[in-house]
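Novice: what's the 3D shape of this:
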Amino acid sequence: MPHYYKLGQIPHKRHTQFRKPDGALYSEQLFSTEGFSSNSSLLYHCHPPTEIVKVDEPYSVAPKVAEEKMLKHRSFQGFDIKAADDFLESRKAVLVNSDLHIVLAAPRKSMTDYFYKNADGDEMIFVHEGSGVLKTQYGQLEFGYGDYLVIPRGTIYQITFATENNRLFIVESFSPLRYPKRYLSNYGQLLEHAPFCERDIRQPQHLETFDEEGDFLIRIKKKGVIYPIHYKHHPFDVIGWDGCEYPFAFSIHDFEPITGRVHQPPPVHQTFEGNNFVVCSFCPRLFDYHPQAVPAPYNHSNIDSDEVLYYVDGDFMSRKHVTRGMITLHPAGIPHGPHPGAVEKSLGAKETKELAVMVDTFHPLQITEAALGIEDGSYVMSWAE
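Specialist: Residues are numbered from 1 along each chain as shown. Okay, here's the model as predicted:
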């Protein structure tokens, strides 16, 4: 999805001899998430990235599904997910299906003793609270409040956090995450009507080459199981790379909302898409400017998609009792809309300061045991108030 980029030292031609100062060859690696038929990058390692020295016993981290089928509006207090020191232990899948997992995490400590690789899915990490640096073979990405970190599957990474107060909303996508097709030219450029452009995308910087031998643990997730594999050389031994497949950052604050004379439908907020789901960004914006406009969203029927809204900050005139980190799930099959009194209250309003991330899935979501532990059971009756 990103455009061509390069860092460090690379040879003039791909798949040709590229030698170190001592005459030994660098080890070339092609990285792609869709075989040889789509975007890829070429990385040049000081040592082959295949030298395994030890394998530990695998262990399951698969989410425990509590409800496979349901038809009821639900709400969950995301900030009630307990913080944990370890990054992987802090991750709790709350809503899942065969296309994606929606995960909440509150890690306190930086990753120092191991590296992580998700071999199952691309990751979209939305940073609700906290800041730090995402470190990968491609270089470093500094991040802070409101950043989306998009990490292609198979990327080896570590995260260094600046403080212990971190809240993350994560989507694990089992298909590649993309810019919406309608935003792109036939040749891949973001078009003028897109709500963001290439200037808003932050590529990795500060490539450091760690030519180190030792015991380097990479925890690799595959089909809900973590495989701890030890390698002989530091995984960030890359001297240079180029291509179109790499992690990047995009701030929700750089999303430019599309507005109109009357209420605009949710697709104008779309930011990313995967197979059978979309991700949208609801940002501060001016309301509709027709003299008789109704700013509150109209009631709508979810016939073919589950709607998940993750509340980040600001006021939400269509909902009562909204808290930061709250998640609402409106399942396919029954309509939903503004809470009682919200429509009248919205009349004459000029702008909204709301900030939220929405995920619409076209296959039903299942609710995990972790989600039941943070559920607000009264939400389903909130329209009767």
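Novice: so the residue nearest the centre of the chain, which of the three states?
Specialist: Note on the chain: the residue nearest the mean C-alpha position is residue 124, at 1.2 Å, using CA atoms, centre = their mean. Three-state call for residue 124 (DSSP: H, G, I helix; E, B strand; the rest coil): strand.
Novice: which non-adjacent residue is nearest it?
Specialist: Nearest residue to residue 124 in three dimensions, chain neighbours excluded: residue 171, at 4.4 Å (CB to CB, 6 or more residues apart in numbering). Glycine gets a C-beta too; all of them are placed from N, C-alpha and C.
Novice: go on, residue 128?
Specialist: Residue 128's closest residue in space is residue 167 (CB to CB, 6+ apart), at 4.2 Å.
Novice: that neighbour - how many residues pack around it?
Specialist: 22 (other CB atoms under 10 Å).
Novice: tell me what residue 273 is bridged to.
Specialist: residue 178, residue 278 (DSSP bridges).
Novice: now for the nearest residue to residue 168 once chain neighbours are set aside, how many residues are close by?
Specialist: Excluding the flanking residues, the one nearest residue 168 by CB to CB, 6+ apart is residue 105, at 4.3 Å. By other CB under 10 Å, 21 other residues sit near residue 105.
Novice: going along the chain, name the helices of the stretch 251-385 of the chain.
Specialist: Along the stretch 251-385 of the chain, the stretches classed as helices by DSSP state H, counting those that start in this stretch are 342-346, 369-372.
Novice: which of those helices sits closest to residue 84?
Specialist: Within these, the stretch nearest residue 84 is helix 369-372; the backing value is 12.2 Å (CB to CB).
Novice: and the nearest residue to residue 75 once chain neighbours are set aside, what is it in contact with?
Specialist: In space, residue 75 comes closest to residue 379 once its chain neighbours are excluded; the distance is 3.5 Å by CB to CB, 6+ apart. When the contact criterion is CB atoms under 8 Å, 6 or more residues apart in numbering, the partners of residue 379 are 73-75, 328.
Novice: thought the residue nearest to residue 168 was touching residue 161?
Specialist: No - using CB atoms under 8 Å, residue 105 is not in contact with residue 161; the gap is 11.2 Å.
Novice: before we move on, the earlier item: quick one: the residue nearest to residue 124 and residue 280, what's the gap?
Specialist: 12 Å (CB to CB, to the nearest Å).
Novice: between those two, which contacts overlap?
Specialist: In contact with both residue 171 and residue 280: residue 359, using CB under 8 Å, 6+ apart.
Novice: what's the closest residue to residue 144 other than its chain neighbours sitting at in phi/psi?
Specialist: Nearest residue to residue 144, sequence neighbours excluded (CB to CB, 6+ apart): residue 131, at 4.0 Å. For residue 131, the backbone dihedrals (degrees, to the nearest 10) come out as phi -160, psi 170.
Novice: what's the local residue count around residue 131?
Specialist: Residue 131 has 16 nearby residues by other CB under 10 Å.
Novice: quick one: contacts for it?
Specialist: Going by CB under 8 Å, 6+ apart, residue 131 touches 142-145, 161-163.
Novice: which regions of the chain lie under the pLDDT threshold?
Specialist: Applying pLDDT under 70 to the chain flags the ranges 1-2, 317-320, 385.
Novice: now with 80, please.
Specialist: Scanning the chain for pLDDT under 80 picks out 1-2, 302, 315-321, 385.
Novice: and residue 241, what does it touch?
Specialist: Counting by CB under 8 Å, 6+ apart, residue 241 makes contact with 6-8, 10, 41-44, 137-138, 207.
Novice: name the nearest of the residues you listed relative to residue 291.
Specialist: Nearest to residue 291 among the contacts of residue 241, with distances taken as CB to CB, is residue 138, at 51.2 Å.
Novice: didn't the closest one look like it was pressed against residue 247?
Specialist: Yes - assessed by CB under 8 Å, residue 138 is found in contact with residue 247 at 6.2 Å.
Novice: which one's more surrounded, these two?
Specialist: A side-by-side neighbour count of residue 138 and residue 247, using other CB under 10 Å, places residue 138 first with 30 against 24.
Novice: would you say residue 199 is within a strand?
Specialist: No - according to three-state DSSP, residue 199 belongs to no strand; its state is helix.
Novice: what's around it, how many residues?
Specialist: Count around residue 199 with other CB under 10 Å applied: 8.
Novice: same thing with residue 224?
Specialist: Neighbours of residue 224 under the rule other CB under 10 Å: 12.
Novice: how far away is residue 235 from residue 299?
Specialist: Taking CB to CB, one finds residue 235 at 51 Å from residue 299.
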